[in-house]
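Enquirer: for reference, the sequence and a predicted model appear below.
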Amino acid sequence: MLAQEDPDEIHSDDLSALDVMATTLAYYKVTSKRFVDYSLLVMRACLQQALADDFQAYMDREMAKIAGYDEGCDHGVGEHWAYSKPVRRLLEEEPAAARLRKHLEARERKMLALQDLLSDAGGWQLSLPE
């Protein structure tokens, strides 16, 4: 008959096995988490780059349409849609805004000249009464 072992007694072999199992499980948890994180980062980077490339191609196609270029034509640098008359017309300043800008620039020049005149007038400074 075999001798009965005490169920509460833990052998050194069992402790070694438990230590190896705990270490292996810890490494598995860390590496699986890192793998999932890295996979997500790679997918996000690839998706963002694909969207950016697709968006740039879409904008080029649409701006070429606005410029009046055919989609299949290969244009030189001088004929890029950015240099076309329709696109330049879109970027032109409106006449009312141009007039207002010129008026404000003239006022700014007058104010700066007045400021220089006052600062050159013997150190005269405006003082507020207390």
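Expert: Yep, that arrived.
Enquirer: so which elements touch the host helix or strand of A26?
Expert: According to DSSP states H and E, A26 maps onto helix 12-67. Under the contact criterion of 3 or more CB pairs under 8 Å, 6 or more residues apart in numbering; DSSP states H and E, helix 12-67 touches helix 85-91. Using the backbone N, CA and C atoms, a C-beta is placed for each residue, glycine as well.
Enquirer: may I see the buried residues of the helix it packs on?
Expert: Neighbour-count burial for helix 85-91 flags V87 (criterion: 16 or more other CB atoms under 10 Å).
Enquirer: by contact count, what packs against it?
Expert: Packed next to helix 85-91, using 3+ CB pairs under 8 Å, 6+ apart, are helix 12-67.
Enquirer: off-centre distance for the helix it packs on?
Expert: How far helix 12-67 lies from its chain's middle: 20 Å, per CA atoms, centre = their mean, to the nearest Å.
Enquirer: and if you look at stretch 81-94?
Expert: 27 Å.
Enquirer: show me the domain layout of this structure.
Expert: As given by automatic domain parsing, the domain ranges for the chain are 15-70+79-83, 94-121.
Enquirer: by mean pLDDT, show me the worst of the ones you listed.
Expert: Among those, domain 15-70+79-83 has the lowest mean pLDDT, at a mean of 86.
Enquirer: returning to what we had before: dump the domains of the chain to JSON lines, plus mean neighbour count.
Expert: Output for the domains of the chain, formatted as JSON lines (neighbours: other CB atoms under 10 Å):
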{"stretch": "domain 15-70+79-83", "mean neighbour count": "11"}
{"stretch": "domain 94-121", "mean neighbour count": "10"}
